[in-house]
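[1] dropping a prediction and its sequence here:
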Amino acid sequence: MRREVDLEEISDGKLYGLNDMVKADCNDCRGCCDCCQGMGDTVVLDPYDVYRLSSYLKRDPKELMESYLELGIFDGNILPHLRMEGKEERCVFLNKEGRCSIHPARPGFCRLFPLGRFYENNSFQYFLQIHECTKTNRSKIKVYKWIDTPNAKRYDEFVTEWHYFLKDVQEVLYRTEDTELIKNLNMYVVNRFYLKPYEDGKDFYEQFYERLEEGKGLMSLEK
């Protein structure tokens, strides 16, 4: 989700790579779950998030949509996000003890926090959000360790590809007033990249890039 803000106002003024040290480690968030409440529809998921949740919970993506996820509109795209419940808008995966019940399979948004991504020149770097996390005694940790995702470099490449593909979709959506095209294109993205299961035992990224090439072909026809 894009944010039109001044980076200097929300960060420490630095940009980080995977091997850089950043003051993000909040020591297992002991006694705190502030970032798991009141988030509304902002915990947007990418295809790898849904794949990871589906594998961990052993639930079909369509089942996840029925129980844990919702669809929302973000920068013109219809995308899934985590469901929040109750007056406090608690994450559906937050247990009674205030701990994440799916921590090994938590979404990229959650792994990232309190970091953000700054996209530029068909790539991105990380930045530290200074007003988001209420923990003040954070310690330094390497970015790739904080994100805690296998093959972090390949994951970053996937994140980049997905971000700029969605930007291409947005351009088509913003340019047209054809409501049928808008609906069909959005549902194509949801169905093809999220709801159609990825095969277990087969590399996720290989399957994703097959779908991405198909999607890029469709975008070239729409431009």
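    Now that the structure is in, tell me what you want to look at.
[2] so what's the closest residue to residue 34 other than its chain neighbours scoring on pLDDT?
    The shortest distance from residue 34 to any non-neighbouring residue, by Cβ to Cβ, 6 or more residues apart in numbering, is to residue 134 (5.0 Å). (Each C-beta comes from the backbone N, C-alpha and C, glycine too.) pLDDT, residue 134: 74.
[3] next one: residue 221
    The model's pLDDT for residue 221 equals 66.
[4] next one: residue 137
    79.
[5] same question for residue 32.
    pLDDT, residue 32: 82.
[6] ok, it to residue 135 distance?
    6 Å (Cβ to Cβ, to the nearest Å).
[7] can you work out which residues contact both of these two?
    The overlap between the contact sets of residue 32 and residue 135 (Cβ atoms under 8 Å, 6 or more residues apart in numbering) consists of residue 26.
[8] any idea how far the residue lying closest to residue 72 once chain neighbours are set aside is from residue 82?
    Among residues not flanking residue 72 along the chain, residue 41 sits closest, at 4.3 Å (Cβ to Cβ, 6+ apart). Counting by Cβ to Cβ, the gap between residue 41 and residue 82 amounts to 8 Å.
[9] of these two, which one has the most company?
    Set residue 41 next to residue 82 and count neighbours by other Cβ atoms under 10 Å: residue 82 wins out with 26 against 18.
[10] does the more buried one touch residue 90 like I think?
    No. If you go by Cβ atoms under 8 Å, residue 82 and residue 90 don't touch, sitting 10.4 Å apart.
[11] flag the shaky bits of the chain, pLDDT-wise.
    Applying pLDDT under 70 to the chain flags the ranges 1-6, 221-223.
[12] just the C-alpha atoms of stretch 178-189, please, in PDB.
    Only the C-alpha atoms of stretch 178-189 are listed here, as PDB (Å, rounded to 0.1, in the frame of the first residue of the first chain):
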ATOM      1  CA  ASP A 178     -15.200   0.500 -18.100                       C
ATOM      2  CA  THR A 179     -16.600  -0.900 -14.900                       C
ATOM      3  CA  GLU A 180     -16.700  -4.400 -16.300                       C
ATOM      4  CA  LEU A 181     -13.000  -4.300 -17.100                       C
ATOM      5  CA  ILE A 182     -12.200  -3.000 -13.600                       C
ATOM      6  CA  LYS A 183     -14.200  -5.800 -12.000                       C
ATOM      7  CA  ASN A 184     -12.700  -8.500 -14.300                       C
ATOM      8  CA  LEU A 185      -9.100  -7.300 -13.900                       C
ATOM      9  CA  ASN A 186      -9.400  -7.100 -10.100                       C
ATOM     10  CA  MET A 187     -11.000 -10.600  -9.900                       C
ATOM     11  CA  TYR A 188      -8.400 -12.000 -12.200                       C
ATOM     12  CA  VAL A 189      -5.700 -10.900  -9.700                       C
END
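[13] who touches it?
    Contacts for stretch 178-189 (Cβ under 8 Å, 6+ apart): 77, 78, 79, 166, 169, 172, 173, 176, 215, 218, 222.
[14] nearest residue to the second one other than its sequence neighbours?
    Okay, so that is residue 78. Nearest non-adjacent residue to residue 78 (Cβ to Cβ, 6+ apart): residue 186, at 4.1 Å.
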